[in-house]
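> what follows is a predicted protein model with its sequence.
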Amino acid sequence: LEVIGDEVFPCSYALVDMTLPSTLKKIGRFAFHECNKLKRLDVSHCTEIGRGAFNMCDELEEVILPEHLEELGAGMFNGCESLKNVKLPSGISQIERNVFDGCSSLEEIVIPEGVEKIGNYAFRDCTSLKSIMLPDTVKKISGNAFDGCSSLGKVIVSENLADAVIEMLPEELRDKIVVQ
């Protein structure tokens, strides 16, 4: 098996655990949409994961992404309320819109070096998000990227990025910047 196509398992409410073969290279758009009982998934061997692939997987707690993945498609984890642990691949250059929108259990995230853009509503309503670390490569943060992140207490940046981030973040987050 090399490809899981678009919308293959939507609303598969009985799907709790799945072992994917090492031959799997591509997961299509909305492939696991609303698999409400799915808890953990290792997709570390995939080279392409489509938009909204894990959208609305309410009980998904952990996903192991491939280190060589270059894109996090729009809405990839949108509405994954139980998602706690995601290590972002070092190969991505942007975090598309709504990628972590509604991931209310996500507590912290380190944006890898190389990411230049954080899209609209990328982290909207991540109500447990306490800290985020931004690399020096960030050039654009959409003004609403962190809407509804009511617990966000620290936006960690280097001294090189501090002045630029002040301009990119909305006013209510500017006092949360911590320079390291």
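Happy to help now that I have it.
> now do the helices in this protein.
Along the chain, counting by DSSP state H, helices occupy 162-168, 171-174.
> of all those, which lies closest to residue 67?
Taking Cβ to Cβ, helix 162-168 is the member of the helices of the chain nearest to residue 67, at 26.0 Å. Where C-beta positions appear, they are placed from N, C-alpha and C, glycine not excepted.
> which helices and strands does that closest one pack with?
strand 140-141, strand 177-179 (3 or more Cβ pairs under 8 Å, 6 or more residues apart in numbering; DSSP states H and E).
> most tightly surrounded among the ones you listed?
Highest mean neighbour count of those: strand 140-141, a mean of 18 (counted as mean count of other Cβ atoms under 10 Å).
> and that strand, what does it pack onto?
Short answer (3+ Cβ pairs under 8 Å, 6+ apart): strand 140-141 packs on strand 117-118, helix 162-168.
> can I assume residue 26 is in contact with residue 46?
Yes - counting by Cβ atoms under 8 Å, residue 46 is a contact partner of residue 26 at 6.4 Å.
> so for the two, which residue has more residues nearby?
Using other Cβ atoms under 10 Å as the criterion, residue 26 and residue 46 rank with residue 46 on top: 20 against 14.
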